[in-house]
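J.: Coordinates for the following, if possible.
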Amino acid sequence: MRRPPTNRYRTVARSARLFRSFLLEQTDPERFYTDVANDTIALITRHEPLGGRTVLDVGAGQEQFGRRFVDHGARYLAVDLERESMSPGPDNGAVVGRGEQLPFPDGFADIVMSNNVMEHVTEPDAVADEMLRVVRPGGLLFISYTVWASPWGGHETSPWHLLGGQYARRRYQRKNGHEPKNRFGETMYAASAARGLRWAKSQHDAELIEAAPRYHPDWADPLLRVPGLREVLSWNLMLVLRRR
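T.: Numbers count the residues shown, from 1 in each chain. Predicted coordinates:
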């Protein structure tokens, strides 16, 4: 695996700033999604510039994603199962499609990315395979997802998911009078860091150029080398691959 860029971006200050933003997801979604979009852009542009690039966002980023990527000179295209789930923003494209069977030819995009999608599909390897297929040779694949055994693995049912996904789902329903948005076994599954790393390292058509616990400072990267510990402490796994 190539060494990541030497310029420091993943610092303690950046982690603290993102954590403060996460606390505002419900009350100030504009700030939250803009901050996450800006963070995604910063992580990608450490490896690949956005100017003039076609960016395919699998799992349909919020409007803030499309807006910020276009601000950086990219052509942005969102993909999701349901058109009403997509808010790509003005001057951006939106296509209905499944991650397991993307409606694009081989090598279609310069950059293909997904943010917090793999924990919502039954076959994350199949989605990742498709994403890699539609990246042009020399292009970039960016995948980031929440690890199930981490503190936020159950999303709004956390931390009770650590006692079992179905238990956490039932508990949420009893307490709130309705099902959670992220329903274990239906719209959310137990994604692991080990599986994502195994998939990334096994690709013959791509080189893994960066793997990291996304929201941690860069000095926490060795966590990914420790089985078990990485499932609990990595929180969100980031994989960046270069298509050969």
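J.: CA atoms for contacts and neighbours, from now on please.
T.: OK.
J.: ok, longest strand in the protein?
T.: strand 135-146 (DSSP state E).
J.: Not counting it itself, show me its contacts.
T.: Contact partners of strand 135-146, identified using Cα atoms under 8 Å, 6 or more residues apart in numbering, comprise 44, 48, 106-119, 131-132, 152-153, 191, 214, 235-244.
J.: Low-confidence ranges, the chain, go.
T.: By pLDDT under 70, the weakly predicted segments of the chain are 1-6, 61, 83-92.
J.: Regarding Val112, what is its secondary structure?
T.: What DSSP: H, G, I helix; E, B strand; the rest coil gives for Val112 is strand.
J.: which outside residues touch the stretch of helix or strand Asp57 belongs to?
T.: Per DSSP states H and E, Asp57 falls inside strand 54-58. Contacting residues not belonging to strand 54-58 are listed as 74-80, 99, 109-115, 117, 131 [Cα under 8 Å, 6+ apart].
J.: hmm, back to that, can you flag which of the contacts of strand 135-146 belong to helices?
T.: Members of the contacts of strand 135-146 lying in helices (criterion: DSSP state H): 44, 131-132.
J.: In the chain, mark out all the helices, start to finish.
T.: 12-22, 29-45, 63-71, 124-133, 165-176, 193-201, 229-233.
J.: Let's have those helices in a markdown table, adding mean neighbour count and distance to Phe184.
T.: Formatted as a markdown table, these follow (neighbours: other Cα atoms under 10 Å; distance: least, Cα to Cα, whole Å):
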| stretch | mean neighbour count | distance to Phe184 |
| --- | --- | --- |
| helix 12-22 | 14 | 22 |
| helix 29-45 | 18 | 24 |
| helix 63-71 | 21 | 26 |
| helix 124-133 | 21 | 15 |
| helix 165-176 | 16 | 5 |
| helix 193-201 | 17 | 18 |
| helix 229-233 | 19 | 18 |
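J.: do you know which of those lies nearest Asp218?
T.: Proximity to Asp218, assessed across the helices of the chain by Cα to Cα, is greatest for helix 12-22 (8.6 Å).
J.: which residues are contacting the closest one?
T.: By Cα under 8 Å, 6+ apart, the residues outside helix 12-22 that reach it are 31-32, 35-36, 215-217.
J.: Identify the residue spatially nearest to Val65, adjacent ones excluded.
T.: Rather than Val, residue 65 is Phe. Nearest residue to Phe65, sequence neighbours excluded (Cα to Cα, 6 or more residues apart in numbering): Ala37, at 5.0 Å.
J.: so that neighbour touches Glu63, yeah?
T.: No: Ala37 sits out of contact with Glu63 when judged by Cα atoms under 8 Å, with a separation of 9.6 Å.
J.: center of this protein, which residue is that?
T.: Among the residues of the chain, the one closest to the centroid is Asn115, at 2.2 Å (Cα atoms, centre = their mean).
J.: List the beta-bridge partners for that one.
T.: Beta-bridge pairing for Asn115 (DSSP bridges): Ser144.
J.: you'd agree Ala126 is up against Glu100?
T.: Yes: using Cα under 8 Å, Ala126 and Glu100 qualify as a contacting pair, with a distance of 5.6 Å.
J.: on that earlier part again, would CSV of the contacts of helix 12-22 with distance to Arg136 be doable?
T.: CSV is the format used below for the contacts of helix 12-22 (distance: Cα to Cα, whole Å):
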residue, distance to Arg136
Arg31, 32
Phe32, 31
Asp35, 28
Val36, 25
Tyr215, 28
His216, 30
Pro217, 30
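J.: And those residues, which is closest to Tyr167?
T.: Tyr215 (27.6 Å).
J.: any idea what sits nearest the closest one, other than its immediate chain neighbours?
T.: Going by Cα to Cα, 6+ apart, Tyr215 has Ser15 as its nearest residue, at 5.8 Å.
J.: what about the one you found, distance to Gly228?
T.: 22 Å (Cα to Cα, to the nearest Å).
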